[in-house]
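Asker: Quick one, fold the following:
(one chain, ligands or ions: 2)
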Amino acid sequence: MQFSDFSLDKRLLQSLGHMGIETPTQIQQQAIPVALTGKDLMASSKTGSGKTLAFLLPAMQRVISTKALTKRDPRVLILLPTRELANQVYSQLRLLVANTQYKAISILGGENFNDQAKALARDPHFIVATPGRLADHLQQRHLFLEGLELLILDEADRMLDLGFAEQLKAINTAANHKRRQTLMFSATLDNQQVNEFAVELLKEPERIAIGSAHSEHLDINQSFYLCDHLDHKEALLLNLLNAEQHKQIIIFTATRQDTDRLASKLKETGLNAIALSGELKQNTRNQIMDSFSRGQQQILVTTDVASRGLDLLNVSLVINFDMPKFAEEYVHRIGRTGRAGAKGDAISLVGPKDWVSFNNVQSFLHKTFELSTVAGLVGKFKGLREKPKQTLRKPKANKAKATNKGSNTAGAAAPQKKRDRRFITGVDVGDAPMRRKPQSKLQETPED
Ligand code: ADP
Ligand code: MG
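Answerer: Residues are numbered from 1 along each chain as shown. Ligands and ions are numbered 1, 2, ... in the order given. Prediction:
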């Protein structure tokens with residue numbers, strides 16, 4: 001199958017040619033024709049499988065081939081949970097738009113509000129945005145969405161995790177044209193919160209799931225090491241970093257404080273590392289991502305702010321220095337490698353505090369990881385029998401408030417969940433779906 005088999009404008013086919021993209025991936029083969037019919041769609045496929053073009057191409061085609069409902073309003077709005085991700089989608093969109101007369105802008109948190117208001121006043125056809133900031137402009141009446149034809153939610157589940165439900169609903173309500181189409185994409189869409197949300201936003205959506213989030217990503221080789229404590233983790237980490245040649249490496253830590261500390265440590269030992277966390281100024285964040293993606297550093301130490309969607313083709317190793325709270329996040333983190341058919345490695349360092357999360361991941365993936373060891377660095381920790389007392393909290397769906405600044409309070413006061421028997425052994429956790437909960441304060445703050 002070729003892109004020319006879809007009824008796509010020849011300018012789009014030309015742009016694909018310039019991008020060196022020839023054959024549609026599986027998700028593109030399935031999602032593009034459905035999206036072109038105008039139907040709502042919920043689509044999932046593994047990380048790195050080309051979801052971005054699976055929605056950008058039909059979006060472009062719709063704009064090219066139909067008449068705008070209004071002169072003023074944007075025709076396509078694409079929402080993403082983080083600014084980095086929005087930038088990445090925006091740059092792909094710009095390549096497609098460049099060959100046409102249409103205008104695209106991005107509206108991201110952390111950038112100048114008045115400049116954005118001016119850009120909105122110039123009536124762009126496409127907007128790529130983070131939801132908090134877009135909702136602010138909507139409230140200020142800097143834009144109107146009555147004429148919106150296509151609303152696209154990429155990494156929709158993450159936007160809900162970050163507490164953006166209210167902003168998304170406000171945007172949905174403002175974009176009330178009956179011919180509006182809505183597309184939702186992620187590698188992980190099969191959870192209850194997303195489904196409940198989809199019922200509100202989507203009309204009889206077609207569902208496409210290529211593989212499942214639970215199934216194995218065969219291009220990524222996954223392993224784990226047991227660690228006693230922080231020093232042990234760091235010793236193992238250094239050993240692993242020095243043992244094998246890797247192109248680029250991403251290391252995920254639990255908190256932003258850890259990113260800085262760990263990156264400094266690595267630099268002290270002569271490694272070329274840089275830290276990225278969500279609290280940095282947007283300019284700084286952009287510079288860091290830019291220089292890492294151009295290969296100026298070998299190692300990026302970060303939190304889940306970079307776990308989703310980022311398309312970094314030279315990353316051949318992902319290390320979970322700490323395990324993520326949600327199993328879905330694990331899938332996205334390791335998906336920074338093994339992209340577009342390349343091979344990658346994913347290593348998890350599992351200490352006592354990571355044990356429950358680690359088992360949640362195994363159970364989510366229906367997979368038992370193989371234990372690896374480094375001679376001379378084998379610790380005492382062999383896994384827990386008892387479940388640690390904290391960690392499991394009940395998700396508070398849709399609790400975030402819409403505020404001018406974008407909400408960020410989700411989760412801090414979520415109540416303790418009742419003990420869940422599946423987790424008591426810490427080993428055999430069955431195959432029930434993962435619990436999700438909003439971010440704790442220690443984790444990244446949501447984007448605005
Ligand atoms: P996902 O959103 O599924 O994680 P992306 O849309 O970020 O994946 O795409 C991953 C990479 O694959 C990008 O570098 C993209 O340019 C490339 N890509 C997308 N579609 C194709 C294709 N049909 N053929 C070759 N490469 C592709
Ligand atoms: Mg993506």
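
Asker: the strands in the chain, which residues?
Answerer: Ranges of strands within the chain are 41-44, 76-79, 104-107, 126-129, 150-154, 181-186, 206-209, 220-226, 248-252, 273-276, 299-302, 315-320, 344-350, 370-371, based on DSSP state E.

Asker: which outside residues touch the fifth one?
Answerer: Read it as strand 150-154. With Cβ atoms under 8 Å, 6 or more residues apart in numbering as the contact definition, strand 150-154 has outside contacts at 51-52, 55, 59, 62, 75-80, 85, 89, 159, 168, 171-172, 175, 180-186, 201, 309. From N, CA and C alone the C-beta is placed, and that goes for glycine too.

Asker: try 7 Å
Answerer: For strand 150-154, the surrounding residues in contact (Cβ atoms under 7 Å, 6 or more residues apart in numbering) are 55, 59, 62, 75-80, 89, 159, 175, 180-185.

Asker: again with the last one
Answerer: Contacts to strand 370-371, defined as Cβ under 7 Å, 6+ apart, come from residues 223, 224, 226.

Asker: Quick check, the second one in contact with residue 346.
Answerer: This means residue 224. No: under the criterion of Cβ atoms under 7 Å, residue 224 makes no contact with residue 346, lying 9.2 Å away.

Asker: and these two? which has more neighbours close in?
Answerer: residue 346 (23 against 20; other Cβ atoms under 10 Å).

Asker: Check the spacing between the more buried one and residue 38 real quick.
Answerer: Distance, residue 346 to residue 38, by Cβ to Cβ, to the nearest Å: 39 Å.

Asker: so which of the contacts of strand 370-371 comes closest to residue 255?
Answerer: The shortest approach to residue 255 among these belongs to residue 224, at 20.5 Å (Cβ to Cβ).

Asker: List the contacts of that closest one.
Answerer: By Cβ under 7 Å, 6+ apart, the contact set of residue 224 is 347, 348, 350, 358, 369, 371, 372.

Asker: so which of the residues you listed are also by ligand 2?
Answerer: Checked against ligand 2 using Cβ under 5 Å from the ion, these give no members in range.

Asker: just curious, which of those residues is nearest to residue 242?
Answerer: residue 347 (13.6 Å).

Asker: On the strand side of things, show who the closest one bridges to.
Answerer: Under DSSP bridges, the beta-bridge partners of residue 347 are residue 223, residue 319.

Asker: what about it, distance to residue 370?
Answerer: 11 Å.

Asker: Same question for residue 8.
Answerer: In terms of Cβ to Cβ, residue 8 sits 44 Å off from residue 370.

Asker: Likewise for residue 121?
Answerer: Plainly put, residue 121 is 57 Å away from residue 370 if you go by Cβ to Cβ.

Asker: cool, and residue 19?
Answerer: For residue 19 relative to residue 370 (Cβ to Cβ), the value is 38 Å.

Asker: More neighbours: which of these two?
Answerer: Between residue 19 and residue 370, counted using other Cβ under 10 Å, the more crowded position is residue 19 (12 against 9).

Asker: in the chain, which spans are helices?
Answerer: Secondary structure of the chain (DSSP state H): helices at 10-19, 26-36, 51-65, 83-97, 113-121, 131-139, 156-161, 165-174, 192-201, 230-243, 256-268, 282-293, 327-334, 355-365.

Asker: With mean pLDDT and distance to residue 275 as extra columns, can I get those helices in a markdown table?
Answerer: Output for the helices of the chain, formatted as a markdown table (pLDDT from 0 to 100; distance: least, Cβ to Cβ, whole Å):
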| stretch | mean pLDDT | distance to residue 275 |
| --- | --- | --- |
| helix 10-19 | 95 | 31 |
| helix 26-36 | 96 | 33 |
| helix 51-65 | 97 | 26 |
| helix 83-97 | 95 | 14 |
| helix 113-121 | 97 | 27 |
| helix 131-139 | 97 | 24 |
| helix 156-161 | 90 | 21 |
| helix 165-174 | 95 | 29 |
| helix 192-201 | 88 | 31 |
| helix 230-243 | 94 | 14 |
| helix 256-268 | 94 | 4 |
| helix 282-293 | 88 | 8 |
| helix 327-334 | 91 | 16 |
| helix 355-365 | 93 | 22 |
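
Asker: Noted, bye for now.
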